[in-house]
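K.L.:
no FASTA, just this:
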Ligand SMILES: Cc1cc2nc3c(=O)[nH]c(=O)nc-3n(C[C@H](O)[C@H](O)[C@H](O)COP(=O)(O)O)c2cc1C
């Protein structure tokens with residue numbers, strides 16, 4: 001069935017379902033972040049959720065009326081049917097054992113569960129419950145039913161839950177939900193852009209590298225760089241939400257893990273090289289957005305280097321050139337995009353790297369600018385192609401840029 005507006009309007013519509021978990025207060029952070037990100041947020045709360053948090057909170061944060069009952073609607077059309085016409089995505093966060101059971105079995109006995117059976121777009125759930133509840137055979141059977149139907153699970157995490165028990169069942173960080181929702185909305189734009197150009201969806205294996213590396217100097221010190229990993233995480237997140245098989249090879253970062261990706265964590269440039277080469281052998285596309293170290297200490301001391309007051313000279317040796325090695329093993333049909341973070345003569349250095357490493361694309365950014373690049377939320381880049389074209393992409397949010405870059409790489 002075609003939707004009336006979905007993301008075609010000015011703001012994409014997302015339905016946030018909140019059920020009666022003690023983590024319901026954390027949904028306020030999600031509602032606030034999504035509204036600020038330009039989402040037309042429609043909140044539906046279960047009766048139990050309203051015992052834990054006031055609907056007024058979500059009314060104020062979403063700037064839209066909150067649905068708490070099937071029977072109090074000012075319109076002729078039931079609200080759960082009207083919303084389903086508009087919504088691009090349903091996310092239930094937190095999701096109780098009860099709502100998971102109702103979803104798995106098509107029970108529609110209140111506003112949220114009735115909405116669930118009216119919604120025909122993508123669905124995400126972020127469960128939150130006591131670890132004993134999560135382990136229950138009935139709960140796990142419902143989770144399997146929902147996963148088999150394509151419902152995306154965000155968590156649960158392992159850790160201490162509200163009652164003090166430790167185990168799997170903890171609600172994921174609100175940022176994980178926000179990022180997954182935003183990546184899903186960007187993935188929809190990506191799909192629309194490709195469809196407009198007549199590109200049919202084909203599932204690809206995509207490897208994305210992200211973040212810095214750490215090169216040990218001694219057991220407590222390391223050499224690293226300012227890469228935050230945000231651009232790579234955004235690329236992995238949007239690609240996964242678009243339905244591709246994504247492996248994220250990540251250096252140390254503090255970022256929330258993107259949903260739907262397999263993550264390979266590495267620390268040094270040597271580990272990153274090994275992981276990228278192994279994953280690239282099975283991939284269609286590699287996007288090297290990581291900033292692996294070019295040099296590492298020639299010898300890492302076995303014990304902590306003591307302060308002596310005298311000058312200390314470090315002897316550095318080059319690390320493996322990952323893109324150089326990849327260029328040699330690249331098979332027909334495999335594509336590689338590199339990144340060039342430069343502080344001067346950006347386009348010139350980027351083009352030289354593109355040619356030397358036999359890349360298909362290089363994404364160049366000027367990291368001397370404080371408003372874009374390393375650790376910022378936004379980026380502005382120029383993409384140089386192997387065919388000699390240059391495509392400028394204006395300053396935008398890294399998730400939006402990820403969708404634009406992927407549209408280019410997946411077309412090629
Ligand atoms: C203080 C409190 C906290 C609760 N926290 C959770 C929880 O984190 N996860 C869960 O599955 N149920 C939790 N429950 C139980 C649910 O609220 C209960 O199963 C309820 O029927 C769920 O209804 P709903 O799914 O319609 O919101 C909690 C109950 C109380 C009283």
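P.N.:
Cool, got the structure. Every value quoted in this text rests on a predicted model; they were computed, and no experiment measured them. Numbers count the residues shown, from 1 in each chain.

K.L.:
At which residues are the helices of this protein located?
P.N.:
With DSSP state H as the criterion, the chain has helices at 27-36, 47-52, 55-62, 79-86, 97-105, 111-118, 131-135, 137-148, 174-196, 230-241, 269-280, 322-329, 346-356, 398-411.

K.L.:
Could you point out which of these sits nearest residue 202?
P.N.:
Residue 202 lies closest to helix 398-411 among those, at 8.2 Å (CB to CB). From N, CA and C alone the C-beta is placed, and that goes for glycine too.

K.L.:
that older thread, among the helices of the chain, which gets the worst mean confidence?
P.N.:
Note on these: lowest mean pLDDT is at helix 79-86, with a mean of 74.

K.L.:
so how many other residues sit close to residue 200?
P.N.:
Residues contacting residue 200 under the criterion other CB atoms under 10 Å number 6.

K.L.:
One more: residue 192?
P.N.:
Using other CB under 10 Å, residue 192 is surrounded by 14 other residues.

K.L.:
Against the ligand, how distant is it?
P.N.:
In this view, residue 192 and the ligand are 34 Å apart by CB to the nearest ligand atom, to the nearest Å.

K.L.:
With residue 191 instead?
P.N.:
In this view, residue 191 and the ligand are 32 Å apart by CB to the nearest ligand atom.

K.L.:
Return the most buried member of the helices of the chain.
P.N.:
Ranked by mean neighbour count under mean count of other CB atoms under 10 Å, these are led by helix 230-241, which reaches a mean of 29.

K.L.:
Could you count how many residues lie near residue 377?
P.N.:
By other CB under 10 Å, neighbour count at residue 377 equals 13.

K.L.:
Tell me if I'm right that it and residue 400 touch.
P.N.:
No: when contacts are counted by CB atoms under 8 Å, residue 377 is not listed as touching residue 400 (10.6 Å).

K.L.:
re earlier: which one of the helices of the chain lies nearest to residue 220?
P.N.:
It's helix 269-280; of the helices of the chain, that one is closest to residue 220 (CB to CB) at 18.8 Å.

K.L.:
got the contact list for that closest one?
P.N.:
Taking contacts as CB atoms under 8 Å, 6 or more residues apart in numbering, the residues outside helix 269-280 that touch it are 207, 209, 213, 215, 247, 249, 251, 264, 266, 286, 288, 290, 292-294, 296, 319-320, 322, 325-326, 329, 334.

K.L.:
And stretch 307-316, by the same measure?
P.N.:
By CB under 8 Å, 6+ apart, stretch 307-316 touches 217, 295-299, 305.

K.L.:
could you dump the residues you listed to a markdown table with distance to residue 388?
P.N.:
Below are the contacts of stretch 307-316 laid out as a markdown table (distance: CB to CB, whole Å):
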| residue | distance to residue 388 |
| --- | --- |
| 217 | 42 |
| 295 | 32 |
| 296 | 35 |
| 297 | 40 |
| 298 | 40 |
| 299 | 44 |
| 305 | 49 |
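
K.L.:
Can you tell me which of those residues is nearest the ligand?
P.N.:
Ranked by distance to the ligand (CB to the nearest ligand atom), those are led by residue 217 at 44.6 Å.

K.L.:
so what's the closest one up against?
P.N.:
Taking CB under 8 Å, 6+ apart, we find residue 217 in contact with 223, 297, 300-301, 305, 314.

K.L.:
Could you turn the buried ones of these into a ChimeraX selection?
P.N.:
To isolate the buried members of the contacts of residue 217 in ChimeraX, using 16 or more other CB atoms under 10 Å:
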select :223,297
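
K.L.:
can I get the contacts of residue 217 in JSON lines with pLDDT and distance to residue 84?
P.N.:
Below are the contacts of residue 217 laid out as JSON lines (pLDDT from 0 to 100; distance: CB to CB, whole Å):
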{"residue": "223", "pLDDT": "96", "distance to residue 84": "53"}
{"residue": "297", "pLDDT": "96", "distance to residue 84": "58"}
{"residue": "300", "pLDDT": "94", "distance to residue 84": "58"}
{"residue": "301", "pLDDT": "94", "distance to residue 84": "62"}
{"residue": "305", "pLDDT": "93", "distance to residue 84": "63"}
{"residue": "314", "pLDDT": "93", "distance to residue 84": "61"}
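
K.L.:
which one of the contacts of residue 217 is nearest residue 392?
P.N.:
Of all the contacts of residue 217, residue 392 sits closest to residue 223, with 33.5 Å by CB to CB.

K.L.:
tally of neighbours for the closest residue to the closest one other than its chain neighbours?
P.N.:
Take residue 223 and drop its neighbours on the chain: the residue closest to it by CB to CB, 6 or more residues apart in numbering is residue 215, 4.5 Å away. Look at residue 215: counted by other CB under 10 Å, it has 24 neighbours.

K.L.:
And for residue 262?
P.N.:
If you count neighbours by other CB under 10 Å, residue 262 ends up with 13.

K.L.:
Contacts only, for residue 190.
P.N.:
Per CB under 8 Å, 6+ apart, neighbours of residue 190: 238, 242, 403, 406-407, 410.

K.L.:
which one is it nearest to, not counting chain neighbours?
P.N.:
residue 403 (4.3 Å).

K.L.:
wait, residue 285 sits on residue 326?
P.N.:
No: look at residue 285 against residue 326 with CB under 8 Å: they stay out of range, at 11.7 Å.

K.L.:
Return the residues in contact with residue 132.
P.N.:
Contacts for residue 132 were tallied using CB under 8 Å, 6+ apart; they are 165, 167.

K.L.:
and the gap between it and residue 126?
P.N.:
Distance of residue 132 to residue 126, given as CB to CB, to the nearest Å: 19 Å.
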